[in-house]
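Visitor: Build the 3D model from these lines:
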Amino acid sequence: MRKLLSFFVILLATSIAHASTFGQVHAIVHDPQHRPIAGAKITLRAAHSFLTLTAISNQDGAFDIASIPLGDYTLTIAAPTFASLQQTLTIASDSSITQHFQLALATVTQSATVETIPNSTDPDSATTSTQISRLDIARTPGADRTNSLAMITDFVPGAYMTHDMLHMRGGHELSWLIDGVLIPNTNIASNIGPQIDPKDIDTLEVDRGSYDASLGDRTYGMFNVVPRTGFERNRDGEFVLTAGNFYQTNDQLSLGDHTEKFAWYTSFNGNRSSDGLQPAIPQPINDAENGLGGFASFVYNHDPANQFRLVTQLRTDYYQIPKDPDPNDWENQLYDSSGLSDAERETDSYATLTWLHTFSPKTLTQVSPFYHFNQANYISNPNDTANGQPAATTADETGNYAGLQATFSTLIANNAITAGIYGYAQHESDLFGASGITPNNPTITAGVQESFLSDNYKPTPWLTLIAGLRQSHFSGAITEDALYPRIGLALTLPKLNWVFRAFYGHFYQPPPVTSISGSLLDYANNNGLSYVPLKGERNEEHQFGLQIPFHGWLLDADTFETRARNFLDHQNIGESSVFIPITVQGALIQAWELTLRSPHLWRFGQAHLSYSNQLAQQIGPVTGGAICDPATDPNACAVDPGYSALDHDQRNTLNVGFNGNLPYAIFASFNVYYGSGFSNGYQDPPSPYAAAYLPSHTTADISLGKDFGRRYTVSLNALNIGNTRVLLDNSLTFGGFHYNDPRQFYAELRYHFKF
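Guide: This is a model prediction of the structure:
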């Protein structure tokens with residue numbers, strides 16, 4: 001009872017502030033002599049929905065539009081005796097766009113038509129971002145499937161899947177934000193289920209490094225999702241049906257509608273396949289998956305100053321753990337999975353409620369209570385064996401997270417100031433066990449509280465200076481505090497509109513809440529391991545970047561270095577499938593990155609390229625979680641001096657793609673992926689791979705489709721069309737070794753209807 005009371009006390013005392021999905025536009029309309037134009041009508045219309053925002057310029061020619069969801073927009077300015085002006089804008093989260101718009105005198109009836117939406121630079125931010133629209137997701141081969149993360153890996157440099165987990169910029173700790181609200185989840189060692197179905201996403205913003213103080217601490221990547229809201233629907237429904245090899249199907253029914261004040265969207269989806277997780281051998285064995293889910297979004301504009309947004313999801317997923325059935329294979333000589341018949345069941349649910357209040361066009365606040373439930377249940381056959389020994393595993397991790405997000409932002413002179421507080425209470429119940437031992441079931445209560453203050457100061461139109469502080473407090477098995485600075489700048493080169501970015505900052509990432517004791521601890525001791533509480537990961541990052549726009553194209557290049565203390569990773573206990581988070585003494589990630597995007601609505605389609613040259617290394621012994629026994633012996637976990645490659649390090653990663661428009665409402669897309677090969681953890685016989693890195697690999701995906709009027713869309717998709725098979729990874733996670741997915745063919749039908 002006392003623990004339960006403490007949990008609610010922490011819950012009531014917490015509040016949270018992270019990146020929102022909203023930006024602002026502050027601008028001045030003037031004539032060719034730079035005299036202000038009063039009474040100009042400004043219309044900001046979303047590129048992919050019916051969402052429209054309006055404003056009127058004042059006597060100084062100024063106007064402000066606040067609370068703009070991130071994405072692509074067309075801005076139209078009209079005033080009597082002047083020619084109308086149209087310009088495209090890309091709104092990023094927490095951005096504050098300040099521009100001057102010059103209207104020409106109208107000598108004859110004039111109009112402007114925007115045929116393309118070019119990618120635009122962000123002159124006021126040091127954060128490196130990539131935006132992916134729902135059109136990108138729908139057209140990129142395989143990207144709209146429930147368990148696919150191609151919408152990230154195909155567009156974001158240094159992002160890839162290995163041992164069934166998404167890695168980015170050399171790290172594991174990645175954050176999902178739904179409608180601007182962080183969905184906390186500390187079970188990185190066990191979760192493989194999706195946080196959101198890609199078909200429910202309107203715009204995805206991927207932030208990678210150089211975060212200001214308001215953007216949180218997940219150093220390696222943040223996925224800020226603007227879900228579908230119903231503003232893109234007018235009593236419209238859509239039914240998606242797919243069918244392909246490996247008995248796969250991925251289906252969804254979605255409905256949506258909107259009025260001037262209210263919009264709603266809801267969907268129901270189901271999926272299954274005989275090729276789920278990355279197989280342990282080239283041919284998937286014991287590798288089925290299936291899932292069910294529901295999603296809903298509601299937006300209510302009570303009045304011009306108050307908006308309410310509710311987003312909720314519930315889904316469950318089941319995965320068989322792949323195995324190699326031949327005990328004589330070389331893979332089984334290193335890790336024997338031939339006797340396993342395991343599975344993983346995951347349940348995930350969240351709800352976020354946001355109140356967005358505009359005090360004035362320059363001042364607003366966002367308050368968002370949220371709740372997240374996450375359960376990962378590893379299911380073993382009681383007769384499982386590994387190397388002839390019993391290896392049945394029990395692992396049931398259940399996390400409850402509750403908190404509140406609140407931010408306050410305002411413009412004062414040339415300062416864009418944001419302040420807020422962050423926190424959640426976590427109640428974790430973990431049931432761990434293995435063959436011949438009594439499962440232990442520790443229950444842990446923990447909490448995170450953070451506060452921040454950030455200022456974007458613009459002394460001139462071409463220079464933005466960024467500075468802020470973020471304070472963190474974690475309480476659980478241990479107590480930790482951090483107070484870290486972040487500074488940066490964005491410099492726009494006049495006339496060229498090139499934007500140079502620089503950043504330096506520190507981050508603190510709270511540790512996973514996991515513990516083992518009793519018989520399981522004895523089992524770990526018998527396998528040469530002990531357990532000590534995990535410490536939070538602390539990161540230091542510096543980054544330099546350059547954005548170059550050219551006729552609607554955007555080239556974005558950056559180089560960064562991240563140094564980590566207590567780098568978060570994961571490790572098995574013996575031959576079991578109990579995955580325990582660990583921390584390593586240190587890590588060093590260094591990379592060059594490059595992205596290239598064509599205009600969003602280019603007449604012939606859209607091209608994209610992403611490239612990363614990266615080196616991800618670790619140094620020192622394991623310092624937390626499952627460490628060498630005895631934990632008090634400094635020599636027990638001794639490793640060779642110097643740096644060595646992390647198990648997911650890949651030097652070069654390249655994606656090149658094109659989503660094309662053809663005559664007769666036909667569209668075609670392709671994506672080519674190249675990876676130079678991941679680090680090789682087994683270089684001695686019987687492994688046939690003696691080099692430090694596993695072989696390189698190239699795969700190609702294609703899609704061809706056609707719209708039949710407004711009702712039907714049919715497409716054919718081929719993934720890994722050349723059926724290139726290669727060993728990606730030989731770390732002992734989810735069934736041992738991991739090969740890339742085999743060739744897949746599937747057809748997709750989309751049926752649009754009114755209701």
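
Visitor: What residues does Thr229 make contact with?
Guide: By CB atoms under 8 Å, 6 or more residues apart in numbering, the contact set of Thr229 is 49, 51, 202, 256, 258, 263-265, 297, 299, 309. For the C-beta atoms, the positions are set from N, CA and C on the backbone; glycine is no exception.

Visitor: In contact with Tyr611, which residues are there?
Guide: For Tyr611, the contacting residues are 157, 593-595, 652-655, by CB under 8 Å, 6+ apart.

Visitor: and it, what pLDDT?
Guide: Tyr611 carries a pLDDT value of 98.

Visitor: likewise Phe544?
Guide: Confidence at Phe544, expressed as pLDDT, is 96.

Visitor: Between the two ends of stretch 165-180, what distance do you get?
Guide: End-to-end distance for stretch 165-180: 23 Å, by CA to CA, to the nearest Å.

Visitor: chain center to that stretch: distance?
Guide: 4 Å (CA atoms, centre = their mean, to the nearest Å).

Visitor: Now it: average pLDDT?
Guide: Average pLDDT, stretch 165-180: 89.

Visitor: Quick one: neighbours of Asn383, just the number.
Guide: By other CB atoms under 10 Å, 12 other residues sit near Asn383.

Visitor: likewise Thr219?
Guide: Neighbour tally, Thr219, other CB under 10 Å: 29.

Visitor: thought it was touching Leu174?
Guide: No. With contact defined as CB atoms under 8 Å, Thr219 does not reach Leu174; the gap is 9.4 Å.

Visitor: list the contacts for the residue nearest the centre of the chain?
Guide: In the chain, the centroid-proximal residue (CA atoms, centre = their mean) is Phe223; its distance is 2.9 Å. By CB under 8 Å, 6+ apart, Phe223 lies in contact with 152, 174-177, 204-206.

Visitor: Can you tell me which of those is closest to Pro184?
Guide: Set against Pro184, the nearest of those by CB to CB is Ser175 (8.2 Å).

Visitor: related to what we said a few turns ago, quick one: strands adjacent to whatever helix or strand the residue nearest to the centre of the chain lives in?
Guide: Secondary structure assignment for Phe223, by DSSP states H and E: strand 222-227. Strand 222-227 has the following strand partners under DSSP bridges: strand 175-178 (parallel), strand 201-207 (antiparallel).

Visitor: Do me a favour and average the pLDDT over it.
Guide: 92.

Visitor: list the buried ones in it?
Guide: Neighbour-count burial for strand 222-227 flags 222-227 (criterion: 16 or more other CB atoms under 10 Å).

Visitor: so which of those would you say is closest to Gln333?
Guide: For the buried residues of strand 222-227, the nearest to Gln333 is Phe223 (38.9 Å; CB to CB).

Visitor: how far away is the closest one from Leu554?
Guide: Per CB to CB, to the nearest Å, Phe223 is found 20 Å from Leu554.

Visitor: swap in Asp303?
Guide: According to CB to CB, Asp303 and Leu554 sit 37 Å apart.

Visitor: Looking at the two, which has the bigger crowd around it?
Guide: Neighbour count, other CB under 10 Å: between Asp303 and Leu554, Leu554 has more, with 18 against 8.

Visitor: This structure: helices as residue ranges?
Guide: For the chain, applying DSSP state H gives helices covering 2-13, 134-139, 150-153, 330-334, 518-526.

Visitor: Buried among the contacts of Phe223? Make that a PyMOL selection.
Guide: If you want just the buried ones from the contacts of Phe223 in PyMOL, going by 16+ other CB under 10 Å, the selection is:
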select buried, resi 152+174+175+176+177+204+205+206
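
Visitor: beta partners for the residue nearest to the centre of the chain?
Guide: Assessed by DSSP bridges, Phe223 has beta-bridge partners Trp176, Val206.

Visitor: same deal with Leu53?
Guide: Applying DSSP bridges to Leu53, the residues it is bridged with are Leu44.

Visitor: what's the answer for Leu483, then?
Guide: Gln471.

Visitor: got it, and Pro549?
Guide: Per DSSP bridges, the residues bridged to Pro549 are Leu554.

Visitor: you'd agree it is up against Asp122?
Guide: No. Assessed by CB under 8 Å, Pro549 is found out of contact with Asp122, at 10.8 Å.

Visitor: Of these two, which one has the most company?
Guide: Shown here are Pro549 and Asp122; by other CB under 10 Å, Asp122 has more neighbours (21 against 17).

Visitor: tell me the contacts of the more buried one?
Guide: 90, 92, 95, 129, 490, 499, 547.

Visitor: And Phe507, by the same measure?
Guide: If you count contacts by CB under 8 Å, 6+ apart, then Phe507 has 211, 217, 219, 484, 538-541 around it.

Visitor: For Thr365, see how far away Thr352 is.
Guide: Plainly put, Thr352 is 16 Å away from Thr365 if you go by CB to CB.

Visitor: So between those two, which is more surrounded?
Guide: Using other CB under 10 Å, the more surrounded residue of Thr352 and Thr365 is Thr352, with 24 against 17.
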